[in-house]
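S.K.: just coords:
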């Protein structure tokens, strides 16, 4: 690998990028094993693809906000390092595919020139902080949640408490009780509230989708805004210490809350209060409170060729803002995919004629903000040229889908292929659903629910079905999920499994039955509840028959070859194989980080680095004894049992480590705790050398 000049002004970011470059070189030289390197690159937004030798790069865009300059930068990077395609995710990120690993550091450096990061977009970290795409413009919002989402993103980026957790951690901010940021399916979800004139949030805890979906509990009905960062820090500390690490499938926060119980979890959060870096944290909203700057330009003269289509577009895709005279324009992005040539033209439009801001949505769409009413005809004409004026923004026609077998290692069946087919069915046979904002259709290529199928009114999950000795791609049909509002939601019921090529007929059957049997004023969910799950199983059962499959049923959507299931190793929060030498090396690195943080008067960070060093060292020593562990708390307890009479410390090991809970993050305590970590590391390595413990 050739080194390059980052030209990054921020020394912390520059160090991060150079470190990635060095680690890639060590990986190529065989000095870092595959599993350990995977963990490192994932935390820097570099994700292995289904295709050999290339990577998916995930760009972290807090609450989906993006400017013209940033979109130009991303487009340039995609052209230079990839194939010119951009993919919007259900977490308001942008993904670029087919990138060579050794070019990822320079790609990252190029993005940082416009304040765009890859850091912690993947891996066992705090993922992109999402928010309602209408935050700041919603007529019904009590206040703009954008600055609060941004503050949480900034505070926990590179924060030592959330760099190597057992699994990923997801946070959202909803601007209204409509809960468009889906708080009920997040590890932590915040819903904007005002109580007695004070700005604050309802807080939801422990939600999640995946193979075992769980609805979040209400942690607080209301907390003031200056408490959201301390609460988040406390929850992360508990999750880091007590969360599962050995069994990946059970390592999310929802499983910890379920296992120990909600009340016990809340008590653990309370126990962390003294150790927090801040008891309150006032969030500066001034950058978001500024007046919106709209360019003063002459309104271009345009001719609307089809007034009926224009009015349908306005009804479906244009949203009045709370700012008088301004409107937002929704762009329905098919499969979340758009290309750099159109991205640049779109970037120029919002720069010259709007407020220079877009938001990416959780439904993989684009929302242009701050457009003057007089410019709506002009925007319609220009967006139509780009293919961005299709009606149905956030409607039933607007299907959410993950990439599935196109690029993902975990994809079982094509999600993008069936999405195309279902959208064609809706457009040609059910055009009336272009303005239906209630019924949602969501598709995932596997059980992990990246397409959020398990919370949809109508959901499809990629699976397989056997017919004799052959295997065909299949879809699990799910019904009855949805957003209820104010932190409440519903998980879809798994109704029946059908061959994938019959997915379009399943949708026809469901919608025709709905139109024939729904009562006046009845919602889809009430209709579903009235009919019952068994009713839908019965009407779809003929589609599940595998005795009459034809050759085309064994070919997945978008493919020309016979289906063959090929599932790789998931990386989104992959488990790392911990080797003794690697763990001890990392312990030493963390002590160095603790010392550096101490010099910068970052006492809380310094203390947490020292804590993780102690845990890593203890885990390494337990491995030399053949002991297995699954949580940090378990490591601490087990080490005390196994090594109580072998490694002498000033006090028992649990008390030695848990000083972190019982002391405020002062300089005095940080000095002592870092010294304790150094002492423990020295004694542990001395014991290891003395006893010749070189094998794990």
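M.R.: Cool, got the structure. Small disclaimer: the values here were computed from a predicted structure and weren't measured. Residues are numbered from 1 along each chain as shown.

S.K.: where along the stretch 401-550 of the chain do the helices fall?
M.R.: Along the stretch 401-550 of the chain, counting by DSSP state H, counting those that start in this stretch, helices occupy 415-429, 503-517, 524-531, 533-540.

S.K.: quick one, what contacts residue 678?
M.R.: residue 591 (C-beta atoms under 8 Å, 6 or more residues apart in numbering). Any C-beta I mention is one placed from the backbone N, CA and C, and that applies to glycine too.

S.K.: Against residue 233, how distant is it?
M.R.: The gap separating residue 678 from residue 233 is 25 Å, by C-beta to C-beta, to the nearest Å.

S.K.: Break the chain down into its domains, please.
M.R.: The chain breaks down by automatic domain parsing into domains covering 11-112, 130-287, 301-385, 400-554, 580-691.

S.K.: Tabulate the ones you listed in CSV, adding columns for mean pLDDT and distance to residue 394.
M.R.: As requested, the domains of the chain are exported to CSV (pLDDT from 0 to 100; distance: least, C-beta to C-beta, whole Å):
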stretch, mean pLDDT, distance to residue 394
domain 11-112, 90, 13
domain 130-287, 96, 9
domain 301-385, 97, 6
domain 400-554, 92, 6
domain 580-691, 94, 41
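
S.K.: do you know which of these lies nearest residue 123?
M.R.: Set against residue 123 and scored by C-beta to C-beta, the domains of the chain come closest in domain 11-112, at 3.5 Å.

S.K.: Next, the distance between the ends of that closest one.
M.R.: Terminal residues of domain 11-112 are spaced 12 Å apart (C-alpha to C-alpha, to the nearest Å).

S.K.: Measure how far that domain is from the centre of its chain, please.
M.R.: From the chain centre to the centre of domain 11-112 is a distance of 16 Å (C-alpha atoms, centre = their mean, to the nearest Å).

S.K.: again with stretch 139-149
M.R.: Using C-alpha atoms, centre = their mean, the offset of stretch 139-149 from its chain centre is 20 Å.

S.K.: Give me the contact list for that stretch.
M.R.: Residues outside stretch 139-149 that contact it (C-beta under 8 Å, 6+ apart) are 62-63, 65, 129-132, 134-136, 173-176, 178, 190, 192-194, 199, 201, 225, 228, 283-285, 287-288, 320-322.

S.K.: How about it, which residues are buried there?
M.R.: Within stretch 139-149, the residues that count as buried by 16 or more other C-beta atoms under 10 Å are 141, 142, 143, 144, 145, 146, 147, 148, 149.

S.K.: SS state for residue 376?
M.R.: Counting by DSSP: H, G, I helix; E, B strand; the rest coil, the backbone at residue 376 sits in helix.

S.K.: Widest-spaced pair of the buried residues of stretch 139-149?
M.R.: Spatially, the most separated pair among the buried residues of stretch 139-149 is 142 and 149, at 14.9 Å (C-beta to C-beta).

S.K.: Counting neighbours, which bits of the longest helix along the chain end up buried?
M.R.: In the chain, assigned by DSSP state H, the helix with the most residues is helix 667-691. Within helix 667-691, the residues scored as buried using 16+ other C-beta under 10 Å are 669-670, 673-674, 676-678, 680-681, 683-685, 687-688.

S.K.: circling back: identify whichever of the domains of the chain lies nearest to residue 560.
M.R.: Smallest distance to residue 560 across these (C-beta to C-beta): 10.6 Å, for domain 400-554.

S.K.: end to end, how far does that closest one reach?
M.R.: Using C-alpha to C-alpha, the two ends of domain 400-554 sit 24 Å apart.

S.K.: Pull the distance from that domain to the chain's centre.
M.R.: The chain centroid and the centroid of domain 400-554 are separated by 23 Å under C-alpha atoms, centre = their mean.

S.K.: In TSV: the domains of the chain, plus distance to residue 393.
M.R.: Shown next, in TSV, are these (distance: least, C-beta to C-beta, whole Å):
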stretch	distance to residue 393
domain 11-112	13
domain 130-287	11
domain 301-385	3
domain 400-554	9
domain 580-691	43
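
S.K.: The ones you listed: which one's closest to residue 392?
M.R.: Closest to residue 392 of those, according to C-beta to C-beta: domain 400-554, at 4.4 Å.

S.K.: So residue 102 sits against residue 27, correct?
M.R.: No - the pair residue 102 / residue 27 is not scored as a contact, 9.8 Å apart, by C-beta atoms under 8 Å.

S.K.: neighbour-wise, which of these two wins?
M.R.: Higher neighbour count among residue 102 and residue 27: residue 27, with 20 against 15, using other C-beta atoms under 10 Å.

S.K.: For the more buried one, what is the enclosing helix or strand?
M.R.: In the assignment (DSSP states H and E), residue 27 maps to helix 11-28.

S.K.: mind listing what's buried in that helix?
M.R.: Quick answer for helix 11-28 (16+ other C-beta under 10 Å): 13, 14, 16, 17, 18, 20, 21, 23, 24, 27.

S.K.: any chance of the residues you listed in TSV, with distance to residue 419 too?
M.R.: Compiled in TSV, these are given as follows (distance: C-beta to C-beta, whole Å):
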residue	distance to residue 419
13	37
14	41
16	36
17	36
18	40
20	34
21	37
23	37
24	35
27	36
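
S.K.: Closest to residue 635 out of the residues you listed?
M.R.: Taking C-beta to C-beta as the measure, residue 635 lies nearest residue 23 of the buried residues of helix 11-28, at 25.1 Å.

S.K.: Am I right that the closest one is in contact with residue 32?
M.R.: Yes - using C-beta under 8 Å, residue 23 is in contact with residue 32, at 6.3 Å.

S.K.: Now do the shared contacts for these two.
M.R.: Taking C-beta under 8 Å, 6+ apart as the contact rule, residue 23 and residue 32 both touch residue 40.

S.K.: Can you tell me how far the residue lying closest to residue 377 once chain neighbours are set aside is from residue 23?
M.R.: Closest residue in space to residue 377, ignoring its immediate chain neighbours: residue 302 at 5.3 Å, by C-beta to C-beta, 6 or more residues apart in numbering. Using C-beta to C-beta, we find residue 302 at a distance of 53 Å from residue 23.

S.K.: ok, now residue 170?
M.R.: 26 Å.

S.K.: Excluding chain neighbours, what is closest to residue 611?
M.R.: The nearest residue in space to residue 611 (C-beta to C-beta, 6+ apart) is residue 660, at 4.9 Å.
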